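Colleague: Any chance you can model this:
(2 chains)
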Amino acid sequence: MARHPWRTALGVTLASVLALSGCGGSQEQHGGGSGAPRTGGTARFALPPSATPNWIMPIAIPGYGASYNGAIRATMFVPLYNYDGSSGSVALNDPSSAADPPRYSADGKTVTITLKPLTWSTGDPVTSRDVEFWLNLVRAGKDNWGKYSEGLLPDNIKAFHAVDDRTFTLTLDKAYNPDWFTANQLSLVVPMPQRAWDRTSADGPVGDHDRDPAGAKQVFDFLVGQAKKLGTYATNPLWKVVNGPFTLSGFTAAGEVTLTKNPKYTGPEPAKLDTVKFLTFTSSSAEYNVLRAGGIDYGYVPTSNLGQQSKLEAEGYRVEPWNGWSITYSPYNFNNPQLGKVFSQLYVRQALQHAVDQNAITSVIWRGSARVGYGPVPQDNDTKYLSQRQKTNPYPFDLDAARKLLADHGWKPGSDGVLACAEPQLCGEGIAAGTRLSFTMLTESGSDETDGTMQELRSEFSRIGVEMKVNAQPLNTVLANGTSCEPADASCSWQLSYFGTQGSWYFPANPSGEQLFATGAGTNFGSYSDKHADELMTATNLSSSQQPMFDYSAYLTEQLPVLWLPNPPYQVSAIDTALHGISQDPLAGLQPQRWFWTR
Amino acid sequence: MTRYILRRLVLAVIVVLLVTVVTFVLLHLLPGGPARGVLGVKATQAQIDTFNAAQGFDKALPVQYWDYLVRLVHGDLGDSYTQNSPVTTLLGERLPKTLLLTVVSTLLAIVVALPVGVWQAVRRGKASDHVTTAFTFVLYATPVFFLSLVLIILFAQVLPWFPAQAAQGETVGELLSQPGSLVLPILAGTGAALAVFSRYMRASTLDNLAEDYVRTARAKGTPERTIVWRHVWPNSLTSVVSMLGYYVPTVFGGSLVVESMFNYPGVGLLFWTAARNADFPVLLGVVLVIAIATVAGSLLADLLQLLIDPRVRVKGARS
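Modeller: Sure, this is the predicted structure:
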């Protein structure tokens, strides 16, 4: 036995640590660079907290439609039309699309599309047949397609006709707004390699199975089954047949994805990097620790850490907010048995909106990273769809105006300072005398910024005599409980809800609101219903004029179907200053083929 | 003694069953259920209904539990909603990595803590004992997440010796291929255990040093070093070794935090991600594993005590 066993133990431990530190290496260098583009190299990108990619097939089933799945997939399977914000506004991005811009017939019911000369990694060209294959599978499996809405794609395509190998026409059920149809419908189409994937089993023969509905369903089910096997992604020969600038070379069960440059890519934008790694983290703090240690080239900074921006910049990162093509709001439950009738009064919604200090919330709580939002159209990226009414905010923060609106309609403070309806004939139809302006906000937990926003709202509302209680729950619970309901339902007890810590709603390229505010729409959680609003939304989908969108924007800005709130960024990014070619796409897409190092 | 062991085994099975009942009921009573969380805001009611039917959530809770038990008996823990893999596969991939972390952390803690505990006991009341005691108390009181943060700041950011995240890979071999990335998670896991074991060892050694056989040995002129290392050390070890079993749940609990902090791809990270995504089958699977480990740990502790302490053996035989 050693004379001083503790010293021996300490010595062994220190020696081990020192030996291992040699394996660990030193902190990686960021920033610098010559400024001249270099080809090759690897970039490490941090996915959002707890985001683990889990789908590869271009037709995603419900639950697998996360934006990062789509962004990664688009680097391997080029969508027919890709929209992004790289031009400064949300628009069609031609180089990253598989087809030339569509041509609509004079009556608007036929679309002619010509594919670009892309090639699959097998050497086969990308043809009209590959688009027909996608369409046939979506028709067969539409009820299990996450993007399906009744009456829309594929229901609204009456016929597919291949003009030649690269040109085809689609016959539509009616004339749509071409801008809307291309942006929100054709952008969902992704040519798929029919000559490799049109099979019903792994060792079955490739054929034209998809041309028969039963066969198409079998192919759809086979591909979905294969796509469910995450552990085989990197090795399954199916997913090796790609036409994009990257191919998949690694996919761990923990969600780490490795893309490598596709040497057989024939399109206009070959990848400049050799490898892109997508890293996953359980929490933003775990990611931030690695970022600070230099282990990430393109990551994100929790807003609570924005005070350390200068340190990150000194370490060679640039810090930039990534604004989303999104809006953020709290839906009112118009069917709530206690307060539904109260929320139905426009003057009540106007008073509450006047009590939202959006400037304070964005500058103080979000530390300047969020943007104000006054209406149903995203307003912090691109203003081409914005009405003047939404731009100028008809309900600025004005507590006196809020108090006056409520007082003029018969609401008087009770002994506890909370307003109660004293004159029912003024309060509005269905509102009984004594009804108190007291409600509970069902809100998502776990975010300091959201907690701060709720406290700010509660404070301002109390100053106009409105009591707001906060019920913070995990996001899943808020989403599950704050859904549309009938007054008699037990589930209709929620009054307002908030699920917008990363933005409440991300739009496709055309920000029409038929899924959010149309009567009976799937995501119209508060059961808002307004005939004129419905007409305006229909018009945005059908008319090729810009005017319906302006009218829709102006009308809903004034009508307040929800409580408009500041829109947080998708994330605040920290990007190595030597990594270039990055455009933070408000549609949350990525174009890593454009990234390059200058170091 | 056989009857005692059998009774303990039966009790262990009952405890695991009770844990599954409680966990199953609690998870399924969470408001909202998993469908909306899994399918997202855009899911239609029809899609939610389909999901619930496919997962059996449209059945009564006791029926769901019975189905779960039947599958469990057949070694089927269900499939993850989000990862599409059987839970057993996911656990099979992650458990060895967590075991690597916890076993190495615990062994390291033992190797350092036991001699330190003896040394403290021998030097009881001296300045070095006070300093070490203060250090171990601070270590004991330091939450694992805080210790992890301190280690990251010190050894990944200020002194960039080790990576702040563990190597990501499918196998233990891939983790071991980057040993540097294991240092900080292991040190974080070692901290609390080291404090606990050294305190235990110190107390146990002090107790033994006060025993009659030590006095007798001293009276016979046995050198102090021989007394400590040949007589007191093995006797003191018994209580610490038996405590190891009881420490299993603490080790697992700590690993959840450590894995989250260091992005270590083990069971803890799996649990964390499943909790964020309301992935009930995975949550149930992980809870079951921890329950089994906990019960097995305490069973092991009892058996060890039975083996090394004749007094317990006699008591166990009588009972």
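
Colleague: low-confidence ranges in chain A?
Modeller: Across chain A, the ranges flagged by pLDDT under 70 are A:1-27.

Colleague: Spatially central residue for it, please.
Modeller: In chain A, the residue lying closest to the centroid (CA atoms, centre = their mean) is A:Tyr506, at 4.2 Å.

Colleague: tell me the contacts of it?
Modeller: A:67, A:324-326, A:587-588 (CB atoms under 8 Å, 6 or more residues apart in numbering or on different chains). The way it works is simple: take the backbone N, C-alpha and C, and place the C-beta from them, glycine included.

Colleague: Then B:Trp233?
Modeller: B:118, B:205.

Colleague: How much space separates it from B:Arg225?
Modeller: According to CB to CB, to the nearest Å, B:Trp233 and B:Arg225 sit 10 Å apart.

Colleague: now do B:Val196
Modeller: 26 Å.

Colleague: Looking at the two, which one has more neighbours?
Modeller: B:Val196 (19 against 11; other CB atoms under 10 Å in any protein chain shown).

Colleague: same for the helix or strand hosting B:Gly253, what does it pack against?
Modeller: For B:Gly253, the host element (DSSP states H and E) is helix B:248-262. Judged by 3 or more CB pairs under 8 Å, 6 or more residues apart in numbering or on different chains; DSSP states H and E, the packing partners of helix B:248-262 are helix A:284-292, helix B:87-122, helix B:144-152, helix B:180-209, helix B:267-276, helix B:280-308.

Colleague: What about A:Ala490, how many residues nearby?
Modeller: Neighbour tally, A:Ala490, other CB under 10 Å: 6.

Colleague: need the contact list for it.
Modeller: Contacts of A:Ala490 (CB under 8 Å, 6+ apart): none.

Colleague: wait, B:His28 sits on B:Phe280?
Modeller: Yes - contact status for B:His28 versus B:Phe280: in contact at 7.4 Å, counting by CB atoms under 8 Å.

Colleague: what about stretch A:40-52 and chain B, touching?
Modeller: Yes - under the criterion of CB under 8 Å from any CB of the partner chain, stretch A:40-52 makes contact with chain B via A:50, A:52.

Colleague: Only alpha carbons, please: show that stretch as CSV.
Modeller: Taking C-alpha atoms only, stretch A:40-52 is exported to CSV below (Å, rounded to 0.1, in the frame of the first residue of the first chain):
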residue,chain,number,x,y,z
GLY,A,40,-14.9,22.4,-49.2
GLY,A,41,-15.0,22.2,-45.4
THR,A,42,-17.7,21.4,-42.9
ALA,A,43,-20.2,23.6,-41.3
ARG,A,44,-22.0,22.7,-38.0
PHE,A,45,-25.5,24.0,-37.7
ALA,A,46,-27.5,23.8,-34.4
LEU,A,47,-31.1,22.7,-34.8
PRO,A,48,-33.7,24.3,-32.4
PRO,A,49,-33.9,22.9,-28.9
SER,A,50,-35.3,19.3,-28.7
ALA,A,51,-35.7,19.3,-32.5
THR,A,52,-34.8,15.9,-33.8
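
Colleague: for that stretch, which positions count as buried?
Modeller: A:41, A:43-52 (16 or more other CB atoms under 10 Å in any protein chain shown).

Colleague: Same question for stretch A:239-253.
Modeller: A:239-253.
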